[in-house]
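Chemist: 3D model of this:
(2 chains)
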Amino acid sequence: MIRISQASRQVFNHKAPVWLTREVSLQIPPGQIVGLVGPNGAGKTTLMRLIAGLDALTTGEITIDGQSVQSSSLLLGYLNEQAGLYHRLTVLENLHYQATLYHLPAEIISSRIEDIASVLNIKPLLNKQAGKLSRGETMSTLLARTLIHQPKYLLLDEPTNGLDLSAVIHLRKFLKELAKKQHGILMSSHAMYELEKLADYLVIIHQGKVLAQGTTSEICMLTQTNNLETAFAKLVYQMTEID
Amino acid sequence: MKLMHWGVFKKELLDIFRDWRALIFTAAISILVGPIILLMIANTLAAFESRSELRIVLVQGLEHSPSLRIHLQRETATIIEAPNDYEAQLKRGALQDPVLIVPPKFEQKWRHGEPAELTMMTNSANAKITANTNRLKRWLSAFVNERSIIENSMQITAMGANELVSIQEHDIASLRAQTSKVFGMIPYFLILACLYSVWSGAVDTTFGEKERRTLEILQSSPNPMYAIVCAKWLAVWLVGSVLVMVAAWSFVPAQHVMAGETLKSMLAYGPEEALYMTVALIPLTAIFAGLLMFAGAVANTSKQAQGSATAIMLMATLFPLAGHIDPSEETWVHDLMPIIAQHRMMGRILEGEMPTLTSVCLACLVAILLTGLLLKMVTDRLATQSHRHSKA
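Modeler: Residues are numbered from 1 along each chain as shown, chains lettered A, B, ... in the order given. You can find the predicted model right below:
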């Protein structure tokens, strides 16, 4: 389980301290999809980077199956929507490179790539140069790259951005299957309806702070609203009604 | 613990070769550097020779040989009395023609069957004088032959002038000055070859990762950053060294194909010289690879990366000048300074003095230490680099 306890990160912007996340506490157990919701600049990406060990905590603690984040890179797969591929390499070479970075034995790399490419429908793209992929194809390849070492926990930052509807439906189905296989998933998205459908547990974050967390019904009950969108508007923008 | 990640090394090599446009461009420069430089030198020498059409003869003591005066006048030469301090003026380059010295009783001597001598004072370190010396030599040979034919036919002397008159050439330039002046640009170009051979590859391995936003996958992978950085550096250095070797060896065939007689007599550049040049340059390539990787690692924008790389290029061009300001001040400390050390070493190779084992080892040691330090700095930089940091 990923345990986040009182996690805070502070940076200095022109010598003025800015809190990117403040005292965030939550858990991501295996087999569960946790949805992270928040407006732009709420701290979603910062929280994911903290879990991935890419940024340092100012205070608090994050553990992954009881280990520190620095020693659990094999357990994690982090997909950032802005991440890139090596443009001059083919999709196959990109995936192969990722596999070698994670020390996968040479004899299983090909079959692993084959499996993931089948699941994500990117087999026809394997010999295509990464620089020539469409946004949707790039996102699918990035997801394949994230999954190549079969991480136990997935951190997906806006994974549906730029995907067409069929790809989104396919991804949703795929993530549910992963959760069934006891993978823990933390996924952020702007699309509220998407997380409502997919996530077992939701965290609403704003200005680096967790405003509410729980299942959709728990959050609706807490905010005395009848849907997640209204609950979100009430919590973040103090709106009582949405047209 | 693994010092280097071979997967990263292979990928970097693949990436460099996949960027075939940049690679072909760099390889073409490496192959063409020899012919281009030698062509430039040959053209420069030709320009000097065309200047010699002015037909000036600087001479001292021409009153001792009226027949020589007549001969030179017939050649439409402009005869100018040489200044008394001609030697000093030749040395500092104030004169651009050789000085002909006609000793007292010169004509009297050979007419009486005694050996006589004409002296040409030259400075082969000055290429313009060298070109004009050839013309004066031709005139003097023609003069001696002509007098010989005339006197033999008239049976004035038992021996011809061509047997009695000798033409001595006195070169006031040292051997070092002779070669280094004309071919001084070869080490410059080879130092630049070291730089451009690693340029795009080195910057791409660090700044390219940030620009493509692929640095995160390296940072979040289970590999220590030093193993990744070492693998990247090795790939860049390997490709750069091959290109530098090609550049150093390109002079060997080039001089056979392009060199005129003047050029051929002035430059001796064979496989041995090419080999030593390569030995001198490979450690420098290692340093440049590390330095450019660091420039890429600290840059946040492509403009910053280009700016830093240009500053390194400027440094590589200006550093060797330090050795030229006062060559007498050269000390062993210069052997410890990258670029200057390689420039000196290559200058010596062109003068026919092969580098000693000590100087090669010293250059390698400096390269290892500096490259190690640079790679440590690159590692620290990439390991802690965060986009959020740079934005905040």
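
Chemist: Compute the distance between the residue in chain A that chain B sits nearest to and B:Ala227, please.
Modeler: Nearest to chain B in chain A, going by C-beta to the nearest C-beta, is A:Thr100, at a distance of 2.9 Å. In short, each C-beta sits where N, CA and C put it, glycine included. Applying C-beta to C-beta, to the nearest Å, one obtains 12 Å for the distance of A:Thr100 from B:Ala227.

Chemist: swap in B:Leu314?
Modeler: 33 Å.

Chemist: swap in B:Asp97?
Modeler: 64 Å.

Chemist: More neighbours: these two, which one.
Modeler: B:Asp97 (26 against 20; other C-beta atoms under 10 Å in any protein chain shown).

Chemist: residues in chain B within reach of chain A, list them.
Modeler: Residues of chain B lying close to chain A by C-beta under 8 Å from any C-beta of the partner chain are B:5-8, B:10-11, B:14-15, B:18-19, B:212-214, B:216-223, B:386, B:388-389, B:392.

Chemist: what number of residues lie near B:Arg381?
Modeler: Neighbours of B:Arg381 (other C-beta under 10 Å): 17.

Chemist: That should have said B:Pro66, apologies.
Modeler: B:Pro66: 10 surrounding residues under other C-beta under 10 Å.

Chemist: any shared contact partners between A:Thr100 and B:Ala227?
Modeler: Residues within reach of A:Thr100 and of B:Ala227 at once, by C-beta atoms under 8 Å, 6 or more residues apart in numbering or on different chains, are B:5, B:8.

Chemist: Just the buried ones among the residues of chain B next to chain A, please.
Modeler: Among the residues of chain B next to chain A, those buried by neighbour count (16 or more other C-beta atoms under 10 Å in any protein chain shown) are B:5, B:7-8, B:10-11, B:14-15, B:18-19, B:212, B:214, B:216-221, B:223, B:386.

Chemist: From those, which land in helices?
Modeler: Within those, residues falling in helices by DSSP state H are B:7-8, B:10-11, B:14-15, B:18, B:212, B:216-219.

Chemist: domains for chain B, by residue range?
Modeler: Per the record, chain B has its domains at B:6-44+B:182-391, B:55-173, by automatic domain parsing.

Chemist: any weak-confidence spans in the stretch 251-392 of chain B?
Modeler: Scanning the stretch 251-392 of chain B for pLDDT under 70 picks out B:258-266, B:321-332, B:385-392.

Chemist: List of residues touching stretch A:208-219?
Modeler: A:8, A:19-26, A:42-43, A:46, A:196, A:199-205, A:222-223, A:228, A:231, A:235-236.

Chemist: repeat that for 6 Å
Modeler: With C-beta atoms under 6 Å, 6 or more residues apart in numbering or on different chains as the test, stretch A:208-219 has contacts from A:19-22, A:24, A:43, A:196, A:202-204, A:222, A:228, A:231, A:235.

Chemist: show me where chain A has strands.
Modeler: Using DSSP state E, the strands of chain A run over residues A:2-13, A:16-28, A:33-37, A:59-64, A:67-68, A:76-80, A:153-157, A:184-188, A:201-206, A:209-214.

Chemist: Next: chain B.
Modeler: Here chain B has its strands, by DSSP E, at B:56-60, B:78-81, B:99-101, B:116-122, B:165-171.

Chemist: Tell me the pLDDT of the residue most central in space within chain A.
Modeler: Centroid check for chain A by C-alpha atoms, centre = their mean gives A:Leu156 as the closest residue, at 1.7 Å. Confidence at A:Leu156, expressed as pLDDT, is 92.

Chemist: need the contact list for it.
Modeler: Each residue near A:Leu156 by C-beta under 6 Å, 6+ apart is listed here: A:79, A:187.

Chemist: do B:Val57 as well
Modeler: Here B:Val57 is in contact with B:72, B:77, B:79 (criterion: C-beta under 6 Å, 6+ apart).

Chemist: cutoff 8 Å now
Modeler: Counting by C-beta under 8 Å, 6+ apart, B:Val57 makes contact with B:72, B:77-80, B:97, B:100, B:136, B:139.

Chemist: cool, B:Trp139 as well?
Modeler: Counting by C-beta under 8 Å, 6+ apart, B:Trp139 has contacts B:57, B:71-72, B:75, B:77.

Chemist: which other residues reach the helix ranked longest in chain A?
Modeler: Assignment by DSSP H gives helix A:165-180 as the longest helix of chain A. Here helix A:165-180 makes contact (C-beta under 8 Å, 6+ apart) with A:31-33, A:119-121, A:136, A:139-140, A:143, A:154, A:156, A:159-160, A:163, A:185, A:187, A:194, A:197-198, A:200.

Chemist: In that helix, which residues are buried?
Modeler: A:167-168, A:170-171, A:175, A:178-179.

Chemist: repeat for stretch B:129-138
Modeler: Under the neighbour-count rule (16+ other C-beta under 10 Å), stretch B:129-138 has B:129-133, B:135-136 buried.

Chemist: Tell me the spacing between the nearest residue to B:Met346 once chain neighbours are set aside and B:Met277.
Modeler: Spatial nearest neighbour of B:Met346, excluding adjacent residues (C-beta to C-beta, 6 or more residues apart in numbering or on different chains): B:Pro187 at 3.8 Å. Distance, B:Pro187 to B:Met277, using C-beta to C-beta: 8 Å.

Chemist: what sits in contact with each of the two?
Modeler: Counting by C-beta under 8 Å, 6+ apart, the contacts common to B:Pro187 and B:Met277 are B:Met346.

Chemist: you'd agree B:Phe143 is up against B:Ser65?
Modeler: No. Between B:Phe143 and B:Ser65 there is no contact under C-beta atoms under 8 Å: 9.1 Å.

Chemist: any common contacting residues for the two?
Modeler: With C-beta under 8 Å, 6+ apart, B:Phe143 and B:Ser65 have no common neighbours.

Chemist: rewinding a little: tell me, what's the model's pLDDT at the residue of chain A closest to chain B?
Modeler: Confidence at A:Thr100, expressed as pLDDT, is 93.

Chemist: which one is it nearest to, not counting chain neighbours?
Modeler: B:Gly7 (2.9 Å).

Chemist: for the one you found, what are its contacts?
Modeler: Contacts of B:Gly7 by C-beta under 8 Å, 6+ apart are A:97, A:100-101, B:231.

Chemist: Tell me the one of those residues nearest A:Gln67?
Modeler: Nearest to A:Gln67 among the contacts of B:Gly7 is A:Leu101, at 19.5 Å by C-beta to C-beta.

Chemist: Alright, I will stop here.
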